[in-house]
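Peer 1: give the three-dimensional model of this entry:
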Amino acid sequence: MPTFTSHDGTRLAYRVTGRGEPLICLPGGPGRAATYLGDLGGLAEHRRLVLLDPRGTGESAVPADPASYRCDRQVADVEALRAHLGLDRVDLLGHSAGGNLALLYAGRHPDRVGSLALITPGTRAVDIDAGEAEWRAAVALRAGEPWYEAGRAAFEEVWAGRPVSEAGDAVKPFAYGRWDAAARRHDAAAGSETNPDVAPAYYAEGAFDPPVTRAALARLDAPVLVLAAEYDPGPTPGRAAELAALMPRAELAVQWGAGHYPWLDDAEGFVRTVAAFLDPAVATVRHTVGAGDGRGVRLAYRVRGERSAPPVILVHGRGGDSRDWDEIAGHLAATRRVYALDLRGHGLSDWPGRYSFEAFRDDLIGFITGLGLTGADVVGHSMGGAAAALLAQEAPGLIGRLVLEDVPPLLPLDPPRGPVERPKGPLGFDWPVIADINAQLNTPDPAWHRRFATLTTATLVLAGGPRSHVDQKALAALAGRIPRVRLATFTTGHLIHETDPAGFLAALREFGIG
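Peer 2: Residues are numbered from 1 along each chain as shown. You can find the predicted model right below:
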(Lines give C-alpha, C1' and ligand atoms only; values in the text may rest on other atoms or scores of the structure.)
Protein backbone atom coordinates (compact mmCIF):
# COMPACT_ATOMS: atom_id res chain seq x y z
CA MET A 1 0.00 0.00 0.00
CA PRO A 2 1.25 3.52 -0.70
CA THR A 3 2.13 5.59 2.35
CA PHE A 4 2.85 9.17 3.34
CA THR A 5 4.14 10.89 6.45
CA SER A 6 1.78 13.08 8.43
CA HIS A 7 2.62 16.28 10.29
CA ASP A 8 3.92 14.49 13.40
CA GLY A 9 5.98 11.89 11.59
CA THR A 10 3.36 9.13 11.74
CA ARG A 11 3.38 6.94 8.64
CA LEU A 12 -0.11 6.57 7.20
CA ALA A 13 -1.26 4.16 4.50
CA TYR A 14 -4.02 4.31 1.94
CA ARG A 15 -5.42 2.04 -0.76
CA VAL A 16 -6.34 3.18 -4.26
CA THR A 17 -8.99 1.50 -6.39
CA GLY A 18 -11.09 2.54 -9.35
CA ARG A 19 -10.77 5.09 -12.09
CA GLY A 20 -11.48 8.73 -12.65
CA GLU A 21 -10.90 11.72 -10.45
CA PRO A 22 -9.72 10.95 -6.89
CA LEU A 23 -12.17 10.76 -4.01
CA ILE A 24 -10.62 10.66 -0.54
CA CYS A 25 -12.64 8.31 1.67
CA LEU A 26 -12.60 8.56 5.46
CA PRO A 27 -13.83 5.43 7.26
CA GLY A 28 -15.76 5.33 10.50
CA GLY A 29 -15.54 3.20 13.61
CA PRO A 30 -13.99 5.28 14.94
CA GLY A 31 -10.71 3.43 14.62
CA ARG A 32 -11.72 1.03 11.85
CA ALA A 33 -9.48 0.47 8.85
CA ALA A 34 -10.88 1.38 5.46
CA THR A 35 -11.12 -2.27 4.38
CA TYR A 36 -14.81 -2.46 5.30
CA LEU A 37 -15.64 0.20 2.71
CA GLY A 38 -14.64 -2.19 -0.10
CA ASP A 39 -15.23 -0.37 -3.37
CA LEU A 40 -18.33 1.29 -1.93
CA GLY A 41 -20.73 -0.87 -3.87
CA GLY A 42 -19.10 -0.18 -7.22
CA LEU A 43 -18.48 3.55 -6.81
CA ALA A 44 -14.95 2.77 -7.97
CA GLU A 45 -16.37 2.43 -11.48
CA HIS A 46 -17.03 6.17 -11.37
CA ARG A 47 -14.21 7.58 -9.23
CA ARG A 48 -10.71 6.65 -8.11
CA LEU A 49 -11.19 5.90 -4.43
CA VAL A 50 -8.36 6.87 -2.09
CA LEU A 51 -9.21 4.87 1.04
CA LEU A 52 -7.29 6.11 4.06
CA ASP A 53 -6.43 3.84 6.97
CA PRO A 54 -6.63 6.31 9.89
CA ARG A 55 -3.68 6.39 12.24
CA GLY A 56 -3.44 3.26 14.34
CA THR A 57 -5.60 1.18 11.97
CA GLY A 58 -4.94 -1.19 9.10
CA GLU A 59 -1.53 -0.59 7.52
CA SER A 60 -1.08 2.82 9.14
CA ALA A 61 1.31 3.17 12.04
CA VAL A 62 0.36 3.58 15.69
CA PRO A 63 1.22 7.17 16.65
CA ALA A 64 3.71 7.95 19.39
CA ASP A 65 1.09 10.11 21.09
CA PRO A 66 -2.28 8.35 21.60
CA ALA A 67 -3.90 11.74 22.15
CA SER A 68 -3.44 12.34 18.42
CA TYR A 69 -6.34 9.94 17.83
CA ARG A 70 -8.65 12.80 18.77
CA CYS A 71 -10.89 13.68 15.86
CA ASP A 72 -9.86 17.32 15.49
CA ARG A 73 -6.18 16.36 15.49
CA GLN A 74 -6.71 13.98 12.58
CA VAL A 75 -7.73 16.90 10.38
CA ALA A 76 -4.00 17.42 9.83
CA ASP A 77 -3.76 13.84 8.50
CA VAL A 78 -6.35 14.58 5.82
CA GLU A 79 -4.55 17.78 4.88
CA ALA A 80 -1.24 15.90 4.68
CA LEU A 81 -2.85 13.34 2.36
CA ARG A 82 -4.17 16.12 0.14
CA ALA A 83 -0.69 17.63 -0.13
CA HIS A 84 0.86 14.20 -0.71
CA LEU A 85 -1.53 13.58 -3.63
CA GLY A 86 -0.71 17.00 -5.09
CA LEU A 87 -4.34 18.12 -5.13
CA ASP A 88 -5.34 21.76 -4.88
CA ARG A 89 -8.88 20.80 -3.85
CA VAL A 90 -10.27 17.47 -2.74
CA ASP A 91 -13.52 15.64 -3.11
CA LEU A 92 -14.09 14.09 0.29
CA LEU A 93 -16.34 11.24 1.45
CA GLY A 94 -16.82 10.50 5.13
CA HIS A 95 -18.75 7.56 6.52
CA SER A 96 -20.11 7.28 10.06
CA ALA A 97 -17.53 8.65 12.52
CA GLY A 98 -15.49 9.68 9.49
CA GLY A 99 -18.27 12.15 8.78
CA ASN A 100 -17.24 14.11 11.88
CA LEU A 101 -13.68 14.27 10.58
CA ALA A 102 -14.88 15.36 7.14
CA LEU A 103 -16.99 18.13 8.70
CA LEU A 104 -14.06 19.40 10.76
CA TYR A 105 -11.80 19.35 7.70
CA ALA A 106 -14.37 21.30 5.67
CA GLY A 107 -14.71 23.81 8.48
CA ARG A 108 -10.97 24.30 8.83
CA HIS A 109 -10.01 24.13 5.14
CA PRO A 110 -13.09 25.26 3.19
CA ASP A 111 -10.99 26.50 0.28
CA ARG A 112 -9.57 22.99 -0.15
CA VAL A 113 -12.95 21.24 -0.49
CA GLY A 114 -14.28 20.58 -3.98
CA SER A 115 -17.26 18.54 -2.77
CA LEU A 116 -18.27 16.73 0.40
CA ALA A 117 -20.24 13.48 0.59
CA LEU A 118 -21.40 12.53 4.09
CA ILE A 119 -22.65 8.93 4.23
CA THR A 120 -24.76 8.07 7.30
CA PRO A 121 -22.40 10.49 9.04
CA GLY A 122 -21.58 11.11 12.65
CA THR A 123 -22.87 14.50 13.76
CA ARG A 124 -21.20 15.18 17.10
CA ALA A 125 -19.00 17.79 15.45
CA VAL A 126 -22.07 20.02 15.07
CA ASP A 127 -23.88 18.92 18.24
CA ILE A 128 -26.70 17.05 16.55
CA ASP A 129 -27.73 13.91 18.36
CA ALA A 130 -30.74 11.64 18.24
CA GLY A 131 -32.53 11.24 21.55
CA GLU A 132 -33.92 8.05 23.01
CA ALA A 133 -37.33 8.59 21.42
CA GLU A 134 -35.76 8.72 17.96
CA TRP A 135 -33.71 5.62 18.65
CA ARG A 136 -36.83 3.81 19.81
CA ALA A 137 -38.67 4.84 16.65
CA ALA A 138 -35.78 3.64 14.47
CA VAL A 139 -35.62 0.31 16.31
CA ALA A 140 -39.39 -0.14 15.96
CA LEU A 141 -39.07 0.06 12.17
CA ARG A 142 -37.57 -3.42 12.26
CA ALA A 143 -40.52 -5.04 14.05
CA GLY A 144 -41.36 -8.29 12.36
CA GLU A 145 -37.75 -9.31 11.77
CA PRO A 146 -36.91 -12.65 13.40
CA TRP A 147 -34.18 -11.05 15.47
CA TYR A 148 -36.22 -8.01 16.50
CA GLU A 149 -37.41 -9.00 19.96
CA ALA A 150 -33.97 -10.02 21.19
CA GLY A 151 -32.49 -6.86 19.75
CA ARG A 152 -35.14 -4.61 21.24
CA ALA A 153 -34.56 -6.18 24.66
CA ALA A 154 -30.84 -5.50 24.34
CA PHE A 155 -31.55 -1.89 23.46
CA GLU A 156 -33.75 -1.56 26.53
CA GLU A 157 -30.62 -2.28 28.56
CA VAL A 158 -28.74 0.34 26.58
CA TRP A 159 -31.44 2.90 27.23
CA ALA A 160 -31.22 1.99 30.90
CA GLY A 161 -27.55 2.93 30.89
CA ARG A 162 -25.57 -0.02 29.56
CA PRO A 163 -22.93 0.96 26.95
CA VAL A 164 -23.79 0.00 23.38
CA SER A 165 -20.39 -1.71 23.14
CA GLU A 166 -21.58 -4.17 25.79
CA ALA A 167 -24.98 -4.89 24.25
CA GLY A 168 -23.74 -8.00 22.45
CA ASP A 169 -24.68 -9.58 19.15
CA ALA A 170 -28.41 -8.96 19.51
CA VAL A 171 -28.15 -5.34 18.35
CA LYS A 172 -25.91 -5.95 15.35
CA PRO A 173 -28.67 -6.63 12.79
CA PHE A 174 -30.05 -3.12 13.31
CA ALA A 175 -27.01 -1.68 11.50
CA TYR A 176 -27.97 -3.38 8.23
CA GLY A 177 -30.94 -3.17 5.91
CA ARG A 178 -30.78 -6.96 5.50
CA TRP A 179 -29.25 -9.28 8.06
CA ASP A 180 -28.09 -11.75 5.44
CA ALA A 181 -24.85 -13.67 4.92
CA ALA A 182 -23.08 -10.65 3.42
CA ALA A 183 -24.05 -8.47 6.37
CA ARG A 184 -22.89 -11.12 8.83
CA ARG A 185 -19.51 -11.39 7.11
CA HIS A 186 -19.18 -7.62 7.07
CA ASP A 187 -19.96 -7.42 10.77
CA ALA A 188 -17.68 -10.34 11.67
CA ALA A 189 -14.70 -8.54 10.13
CA ALA A 190 -15.15 -5.49 12.36
CA GLY A 191 -13.17 -6.93 15.26
CA SER A 192 -10.01 -7.51 13.27
CA GLU A 193 -10.33 -4.18 11.44
CA THR A 194 -10.85 -1.99 14.51
CA ASN A 195 -8.37 -0.59 17.01
CA PRO A 196 -10.29 -0.32 20.31
CA ASP A 197 -7.85 2.27 21.65
CA VAL A 198 -9.02 4.88 19.14
CA ALA A 199 -12.64 5.50 20.08
CA PRO A 200 -12.10 6.90 23.62
CA ALA A 201 -9.49 9.36 22.35
CA TYR A 202 -11.40 10.21 19.17
CA TYR A 203 -14.26 11.65 21.19
CA ALA A 204 -12.12 13.00 24.02
CA GLU A 205 -12.87 16.36 25.58
CA GLY A 206 -11.96 19.20 23.27
CA ALA A 207 -12.43 17.23 20.06
CA PHE A 208 -15.37 19.35 18.96
CA ASP A 209 -16.35 23.00 19.12
CA PRO A 210 -19.83 22.91 17.54
CA PRO A 211 -20.51 26.68 17.42
CA VAL A 212 -17.24 27.31 15.60
CA THR A 213 -17.80 24.40 13.21
CA ARG A 214 -21.38 25.41 12.48
CA ALA A 215 -20.30 28.96 11.69
CA ALA A 216 -17.58 27.72 9.36
CA LEU A 217 -19.91 25.30 7.56
CA ALA A 218 -22.45 28.09 7.03
CA ARG A 219 -19.82 29.74 4.84
CA LEU A 220 -18.80 26.59 2.97
CA ASP A 221 -19.09 27.23 -0.77
CA ALA A 222 -18.98 23.62 -1.96
CA PRO A 223 -21.68 21.11 -2.88
CA VAL A 224 -22.53 18.72 -0.06
CA LEU A 225 -24.46 15.46 -0.10
CA VAL A 226 -25.88 14.15 3.17
CA LEU A 227 -27.00 10.58 2.58
CA ALA A 228 -29.12 9.06 5.34
CA ALA A 229 -30.62 5.59 5.53
CA GLU A 230 -34.20 4.74 6.42
CA TYR A 231 -33.31 2.31 9.21
CA ASP A 232 -30.29 4.13 10.62
CA PRO A 233 -30.74 5.91 13.96
CA GLY A 234 -27.38 7.62 13.74
CA PRO A 235 -28.34 9.87 12.11
CA THR A 236 -32.02 9.43 11.46
CA PRO A 237 -33.24 11.00 8.22
CA GLY A 238 -34.67 13.83 10.27
CA ARG A 239 -31.36 14.56 11.99
CA ALA A 240 -29.56 14.25 8.66
CA ALA A 241 -31.88 16.94 7.28
CA GLU A 242 -30.89 19.13 10.23
CA LEU A 243 -27.23 18.62 9.32
CA ALA A 244 -27.84 19.44 5.66
CA ALA A 245 -29.59 22.66 6.65
CA LEU A 246 -26.33 23.94 8.16
CA MET A 247 -24.61 24.19 4.77
CA PRO A 248 -25.84 26.48 1.99
CA ARG A 249 -25.19 24.06 -0.89
CA ALA A 250 -26.15 20.81 0.82
CA GLU A 251 -28.72 18.32 -0.40
CA LEU A 252 -30.30 15.44 1.49
CA ALA A 253 -30.86 11.97 0.09
CA VAL A 254 -32.50 9.10 1.95
CA GLN A 255 -31.80 5.53 0.88
CA TRP A 256 -34.95 3.60 1.69
CA GLY A 257 -34.62 0.07 3.03
CA ALA A 258 -31.00 0.64 4.03
CA GLY A 259 -29.06 0.68 7.28
CA HIS A 260 -25.79 2.21 8.40
CA TYR A 261 -23.85 0.67 5.49
CA PRO A 262 -26.11 1.60 2.56
CA TRP A 263 -23.75 0.38 -0.18
CA LEU A 264 -24.27 -3.16 1.14
CA ASP A 265 -28.07 -2.98 1.16
CA ASP A 266 -28.57 -1.59 -2.36
CA ALA A 267 -25.24 -1.09 -4.08
CA GLU A 268 -26.70 0.14 -7.35
CA GLY A 269 -29.02 2.63 -5.67
CA PHE A 270 -26.19 3.92 -3.50
CA VAL A 271 -23.84 4.34 -6.45
CA ARG A 272 -26.44 6.11 -8.58
CA THR A 273 -27.06 8.68 -5.86
CA VAL A 274 -23.42 9.32 -5.00
CA ALA A 275 -22.12 9.18 -8.58
CA ALA A 276 -24.75 11.69 -9.70
CA PHE A 277 -23.69 14.02 -6.90
CA LEU A 278 -19.99 13.70 -7.65
CA ASP A 279 -20.35 14.25 -11.40
CA PRO A 280 -20.06 18.00 -12.00
CA ALA A 281 -22.04 17.61 -15.22
CA VAL A 282 -25.03 16.12 -13.38
CA ALA A 283 -27.56 17.81 -11.11
CA THR A 284 -30.55 16.33 -9.30
CA VAL A 285 -34.03 17.35 -8.28
CA ARG A 286 -36.56 15.46 -6.17
CA HIS A 287 -40.30 15.58 -6.78
CA THR A 288 -43.34 14.05 -5.11
CA VAL A 289 -45.85 14.30 -7.96
CA GLY A 290 -47.98 11.16 -7.83
CA ALA A 291 -45.95 9.76 -4.92
CA GLY A 292 -48.43 8.25 -2.52
CA ASP A 293 -45.73 7.34 0.01
CA GLY A 294 -44.40 10.90 0.20
CA ARG A 295 -40.83 9.76 -0.51
CA GLY A 296 -40.73 11.15 -4.00
CA VAL A 297 -38.35 10.37 -6.84
CA ARG A 298 -34.88 11.80 -7.37
CA LEU A 299 -34.23 12.73 -11.00
CA ALA A 300 -30.75 13.30 -12.40
CA TYR A 301 -30.26 15.70 -15.28
CA ARG A 302 -27.60 17.46 -17.34
CA VAL A 303 -27.84 21.11 -18.26
CA ARG A 304 -26.04 23.23 -20.85
CA GLY A 305 -26.30 26.75 -22.22
CA GLU A 306 -26.71 30.20 -20.76
CA ARG A 307 -29.03 30.52 -17.78
CA SER A 308 -30.87 33.39 -19.42
CA ALA A 309 -31.58 31.47 -22.64
CA PRO A 310 -35.07 30.03 -23.24
CA PRO A 311 -35.29 26.48 -21.86
CA VAL A 312 -35.80 23.27 -23.78
CA ILE A 313 -36.20 19.84 -22.16
CA LEU A 314 -34.97 16.67 -23.88
CA VAL A 315 -36.59 13.37 -22.86
CA HIS A 316 -34.94 10.07 -23.82
CA GLY A 317 -36.58 6.84 -24.91
CA ARG A 318 -36.89 3.52 -23.11
CA GLY A 319 -33.55 2.12 -21.99
CA GLY A 320 -31.71 5.37 -22.68
CA ASP A 321 -30.65 8.29 -20.54
CA SER A 322 -29.73 11.96 -20.75
CA ARG A 323 -26.43 11.23 -22.52
CA ASP A 324 -28.34 10.07 -25.59
CA TRP A 325 -28.87 13.75 -26.37
CA ASP A 326 -25.23 14.89 -26.08
CA GLU A 327 -24.78 15.86 -29.73
CA ILE A 328 -28.18 17.53 -30.02
CA ALA A 329 -27.79 19.29 -26.67
CA GLY A 330 -24.39 20.61 -27.67
CA HIS A 331 -25.85 22.30 -30.76
CA LEU A 332 -29.00 23.60 -29.06
CA ALA A 333 -26.96 25.08 -26.20
CA ALA A 334 -25.72 27.82 -28.53
CA THR A 335 -29.10 29.54 -28.22
CA ARG A 336 -30.98 27.56 -25.56
CA ARG A 337 -30.72 26.49 -21.93
CA VAL A 338 -30.87 22.72 -22.50
CA TYR A 339 -32.07 20.27 -19.85
CA ALA A 340 -31.70 16.53 -20.53
CA LEU A 341 -33.06 14.34 -17.75
CA ASP A 342 -32.92 10.69 -16.77
CA LEU A 343 -36.46 9.43 -16.26
CA ARG A 344 -37.03 7.22 -13.24
CA GLY A 345 -35.57 3.76 -13.72
CA HIS A 346 -32.92 5.10 -16.09
CA GLY A 347 -29.36 6.35 -15.77
CA LEU A 348 -28.53 8.03 -12.46
CA SER A 349 -32.13 8.70 -11.37
CA ASP A 350 -33.92 6.59 -8.77
CA TRP A 351 -35.01 3.08 -9.81
CA PRO A 352 -38.20 2.51 -7.78
CA GLY A 353 -38.99 -0.81 -9.48
CA ARG A 354 -42.45 -0.08 -10.93
CA TYR A 355 -43.08 1.98 -14.04
CA SER A 356 -45.79 3.42 -16.25
CA PHE A 357 -46.37 6.16 -18.80
CA GLU A 358 -48.27 8.04 -16.10
CA ALA A 359 -45.26 7.84 -13.77
CA PHE A 360 -42.96 9.19 -16.49
CA ARG A 361 -45.49 11.96 -17.14
CA ASP A 362 -45.39 12.79 -13.43
CA ASP A 363 -41.59 12.91 -13.63
CA LEU A 364 -41.90 15.61 -16.27
CA ILE A 365 -44.45 17.55 -14.25
CA GLY A 366 -42.26 17.34 -11.16
CA PHE A 367 -39.15 18.26 -13.13
CA ILE A 368 -40.71 21.33 -14.73
CA THR A 369 -42.35 22.62 -11.56
CA GLY A 370 -39.38 21.74 -9.36
CA LEU A 371 -36.92 23.69 -11.49
CA GLY A 372 -39.30 26.52 -12.38
CA LEU A 373 -39.28 25.72 -16.11
CA THR A 374 -42.91 26.48 -16.93
CA GLY A 375 -43.22 27.33 -20.60
CA ALA A 376 -40.20 25.27 -21.68
CA ASP A 377 -40.30 23.51 -25.02
CA VAL A 378 -40.24 19.72 -24.66
CA VAL A 379 -38.64 17.26 -27.09
CA GLY A 380 -39.37 13.60 -26.42
CA HIS A 381 -38.16 10.46 -28.15
CA SER A 382 -40.21 7.24 -28.30
CA MET A 383 -41.37 6.34 -24.77
CA GLY A 384 -40.21 9.74 -23.52
CA GLY A 385 -42.23 11.38 -26.26
CA ALA A 386 -45.33 9.47 -25.23
CA ALA A 387 -44.82 10.66 -21.66
CA ALA A 388 -44.42 14.23 -22.96
CA ALA A 389 -47.67 13.86 -24.92
CA LEU A 390 -49.50 12.79 -21.75
CA LEU A 391 -47.97 15.83 -20.04
CA ALA A 392 -49.38 18.09 -22.76
CA GLN A 393 -52.79 16.44 -22.32
CA GLU A 394 -52.71 16.74 -18.52
CA ALA A 395 -51.05 20.12 -18.00
CA PRO A 396 -50.73 22.04 -21.28
CA GLY A 397 -49.95 25.27 -19.45
CA LEU A 398 -46.63 23.88 -18.26
CA ILE A 399 -45.00 23.67 -21.68
CA GLY A 400 -44.43 25.70 -24.83
CA ARG A 401 -43.84 23.71 -28.01
CA LEU A 402 -43.93 19.91 -28.13
CA VAL A 403 -41.80 17.66 -30.35
CA LEU A 404 -42.68 13.95 -30.58
CA GLU A 405 -39.92 11.89 -32.18
CA ASP A 406 -41.17 8.54 -33.55
CA VAL A 407 -43.48 7.97 -30.60
CA PRO A 408 -45.72 4.92 -30.15
CA PRO A 409 -49.25 5.81 -31.35
CA LEU A 410 -50.72 4.47 -28.10
CA LEU A 411 -53.06 2.04 -29.84
CA PRO A 412 -53.28 -1.65 -28.87
CA LEU A 413 -50.43 -3.67 -30.40
CA ASP A 414 -51.34 -6.50 -32.73
CA PRO A 415 -49.73 -8.89 -32.09
CA PRO A 416 -49.06 -7.94 -28.47
CA ARG A 417 -45.54 -8.03 -27.11
CA GLY A 418 -44.71 -11.06 -24.98
CA PRO A 419 -42.13 -11.67 -22.26
CA VAL A 420 -38.56 -10.60 -23.00
CA GLU A 421 -35.52 -12.29 -21.48
CA ARG A 422 -33.14 -9.98 -19.66
CA PRO A 423 -29.75 -9.73 -21.38
CA LYS A 424 -26.69 -10.68 -19.40
CA GLY A 425 -24.50 -8.10 -17.75
CA PRO A 426 -25.15 -4.69 -16.20
CA LEU A 427 -27.76 -2.41 -17.69
CA GLY A 428 -28.11 1.35 -17.64
CA PHE A 429 -31.79 1.06 -16.78
CA ASP A 430 -34.06 -0.99 -14.55
CA TRP A 431 -35.16 -4.12 -16.40
CA PRO A 432 -38.79 -4.06 -15.10
CA VAL A 433 -39.27 -0.97 -17.30
CA ILE A 434 -39.51 -3.34 -20.27
CA ALA A 435 -42.35 -5.52 -18.97
CA ASP A 436 -44.28 -2.65 -17.37
CA ILE A 437 -44.25 -0.48 -20.49
CA ASN A 438 -44.88 -3.40 -22.84
CA ALA A 439 -48.03 -4.18 -20.85
CA GLN A 440 -49.27 -0.63 -21.41
CA LEU A 441 -48.30 -0.65 -25.07
CA ASN A 442 -50.28 -3.85 -25.52
CA THR A 443 -53.43 -2.39 -23.94
CA PRO A 444 -53.07 1.40 -23.60
CA ASP A 445 -55.70 3.54 -21.96
CA PRO A 446 -58.10 4.44 -24.84
CA ALA A 447 -58.41 7.96 -23.46
CA TRP A 448 -54.77 8.68 -24.29
CA HIS A 449 -55.35 8.37 -28.02
CA ARG A 450 -58.69 10.19 -27.91
CA ARG A 451 -57.24 13.16 -26.06
CA PHE A 452 -54.75 13.93 -28.84
CA ALA A 453 -57.69 15.61 -30.59
CA THR A 454 -57.95 18.10 -27.72
CA LEU A 455 -54.28 19.11 -27.55
CA THR A 456 -53.79 22.88 -27.55
CA THR A 457 -49.99 22.71 -27.72
CA ALA A 458 -48.17 23.44 -30.99
CA THR A 459 -46.75 20.03 -31.88
CA LEU A 460 -44.14 18.69 -34.28
CA VAL A 461 -44.31 14.95 -34.99
CA LEU A 462 -41.16 13.40 -36.45
CA ALA A 463 -41.66 9.98 -38.05
CA GLY A 464 -38.79 7.58 -38.60
CA GLY A 465 -40.13 6.15 -41.85
CA PRO A 466 -40.17 2.56 -43.08
CA ARG A 467 -37.01 1.56 -41.18
CA SER A 468 -38.70 2.27 -37.84
CA HIS A 469 -40.43 -0.45 -35.83
CA VAL A 470 -43.18 2.06 -34.99
CA ASP A 471 -46.32 1.71 -37.12
CA GLN A 472 -45.89 4.71 -39.43
CA LYS A 473 -49.46 4.71 -40.72
CA ALA A 474 -50.77 4.78 -37.18
CA LEU A 475 -48.30 7.52 -36.27
CA ALA A 476 -49.42 9.64 -39.22
CA ALA A 477 -53.03 9.08 -38.23
CA LEU A 478 -52.17 10.15 -34.68
CA ALA A 479 -50.59 13.34 -36.01
CA GLY A 480 -53.76 13.97 -37.99
CA ARG A 481 -55.76 14.09 -34.76
CA ILE A 482 -53.67 16.91 -33.25
CA PRO A 483 -55.11 20.35 -34.09
CA ARG A 484 -51.86 22.39 -34.24
CA VAL A 485 -49.46 19.90 -35.77
CA ARG A 486 -46.66 19.55 -38.29
CA LEU A 487 -45.54 16.13 -39.51
CA ALA A 488 -42.08 15.48 -40.92
CA THR A 489 -41.10 12.03 -42.13
CA PHE A 490 -37.50 10.82 -42.27
CA THR A 491 -35.97 7.65 -43.71
CA THR A 492 -33.56 7.08 -40.83
CA GLY A 493 -35.57 4.73 -38.67
CA HIS A 494 -36.43 5.09 -35.01
CA LEU A 495 -33.36 7.03 -33.80
CA ILE A 496 -33.72 10.16 -35.92
CA HIS A 497 -31.72 12.42 -33.60
CA GLU A 498 -28.78 10.00 -33.60
CA THR A 499 -28.87 8.83 -37.23
CA ASP A 500 -29.53 12.23 -38.83
CA PRO A 501 -28.71 14.91 -36.26
CA ALA A 502 -28.41 17.63 -38.89
CA GLY A 503 -31.85 16.86 -40.29
CA PHE A 504 -33.28 16.59 -36.78
CA LEU A 505 -31.89 19.99 -35.80
CA ALA A 506 -33.12 21.56 -39.05
CA ALA A 507 -36.64 20.31 -38.32
CA LEU A 508 -36.46 21.79 -34.83
CA ARG A 509 -35.23 25.15 -36.13
CA GLU A 510 -38.03 25.32 -38.67
CA PHE A 511 -40.45 24.66 -35.80
CA GLY A 512 -38.94 27.48 -33.74
CA ILE A 513 -36.57 25.52 -31.50
CA GLY A 514 -32.97 26.38 -32.16
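Peer 1: can you map out the helices along the stretch 1-150 of the chain?
Peer 2: 75-85, 97-108, 132-140, 148-159 (DSSP state H, counting those that start in this stretch).
Peer 1: which of the ones you listed is buried the deepest?
Peer 2: helix 97-108 (a mean of 27; mean count of other CB atoms under 10 Å). (Each C-beta comes from the backbone N, C-alpha and C, glycine too.)
Peer 1: tell me the mean pLDDT for it?
Peer 2: Confidence for helix 97-108, expressed as mean pLDDT, is 98.
Peer 1: equivalent analysis for stretch 238-250, please.
Peer 2: 97.
Peer 1: over to stretch 482-491?
Peer 2: The model assigns stretch 482-491 a mean pLDDT of 98.
Peer 1: cool, stretch 379-388 as well?
Peer 2: 98.
Peer 1: which outside residues touch it?
Peer 2: 312-318, 320, 324, 343, 357, 360-361, 363-364, 378, 389, 399, 402-408, 410, 437, 470, 494-495, 497, 508, 513 (CB atoms under 8 Å, 6 or more residues apart in numbering).
Peer 1: can you tell me which residue is spatially central in this protein?
Peer 2: Centroid check for the chain by CA atoms, centre = their mean gives Thr273 as the closest residue, at 1.7 Å.
Peer 1: which helix or strand lies directly C-terminal to whatever helix or strand that one lives in?
Peer 2: Using DSSP states H and E, the secondary-structure element containing Thr273 is helix 267-278. Toward the C-terminus, helix 267-278 is succeeded by strand 282-287 as the next helix or strand (DSSP H and E).
Peer 1: I'd like the average pLDDT over the helix holding Thr273.
Peer 2: pLDDT averaged over helix 267-278 gives 97.
Peer 1: pLDDT below threshold where in the stretch 251-400 of the chain?
Peer 2: Applying pLDDT under 70 to the stretch 251-400 of the chain flags no residue at all.
Peer 1: on contacts alone, who are the packing partners of the top helix by length along the chain?
Peer 2: When the chain is parsed with DSSP state H, its longest helix is helix 357-371. Packing contacts for helix 357-371, counted by 3 or more CB pairs under 8 Å, 6 or more residues apart in numbering; DSSP states H and E, involve strand 282-287, strand 297-304, strand 311-315, strand 337-341, helix 382-394.
Peer 1: now do the buried residues in the longest one.
Peer 2: Put plainly, it is helix 382-394. By neighbour count with 16 or more other CB atoms under 10 Å, helix 382-394 contains the buried residues 382-393.
Peer 1: and whatever helix or strand comes next after it, how far out from the chain's middle?
Peer 2: Per DSSP H and E, the first helix or strand lying C-terminal to helix 382-394 is strand 399-405. Remark: strand 399-405 is offset 28 Å from the chain centroid, using CA atoms, centre = their mean, to the nearest Å.
Peer 1: over to stretch 1-14?
Peer 2: 33 Å.
Peer 1: and the pLDDT for the closest residue to Asp127 other than its chain neighbours?
Peer 2: With sequence-adjacent residues excluded and distances taken as CB to CB, 6 or more residues apart in numbering, Asp127 is closest to Pro210, at 3.7 Å. Pro210 carries a pLDDT value of 98.
Peer 1: run a quick neighbour tally on Pro210.
Peer 2: 14 (other CB atoms under 10 Å).
Peer 1: can you check Glu498 too?
Peer 2: Neighbours around Glu498, by other CB under 10 Å: 17.
Peer 1: pretty sure Met1 is touching Leu12, no?
Peer 2: No: the pair Met1 / Leu12 is not scored as a contact, 9.9 Å apart, by CB atoms under 8 Å.
Peer 1: who touches both of these two?
Peer 2: Common neighbours of Met1 and Leu12 (CB under 8 Å, 6+ apart) are Asp53.
Peer 1: which one's more surrounded, these two?
Peer 2: Leu12 (27 against 12).
Peer 1: residues in contact with the residue lying closest to that one once chain neighbours are set aside?
Peer 2: Sequence neighbours aside, Ser60 is the residue nearest to Leu12 in space, at 4.5 Å (criterion: CB to CB, 6+ apart). When contacts are counted by CB under 8 Å, 6+ apart, Ser60 touches 3, 10-13, 33, 52-54.
Peer 1: mind checking the SS state of Leu227?
Peer 2: strand (DSSP: H, G, I helix; E, B strand; the rest coil).
Peer 1: hang on, the earlier thing: can I assume the residue nearest to Asp127 is in contact with Gly107?
Peer 2: No: the criterion here is CB under 8 Å, and Pro210 misses it with Gly107 at 10.2 Å.
Peer 1: for stretch 109-127, which positions count as buried?
Peer 2: Per 16+ other CB under 10 Å, stretch 109-127 contains these buried residues: 109, 112-126.
Peer 1: then stretch 485-505?
Peer 2: 485, 487-490, 492-498, 500, 503-505.
Peer 1: contacting residues around the helix holding Thr273?
Peer 2: With CB under 8 Å, 6+ apart, helix 267-278 has contacts from 23, 40-43, 45-47, 91, 93, 115, 117, 119, 223, 225, 227, 251, 253, 255, 258, 262-263, 282, 284, 298, 300, 347-351.
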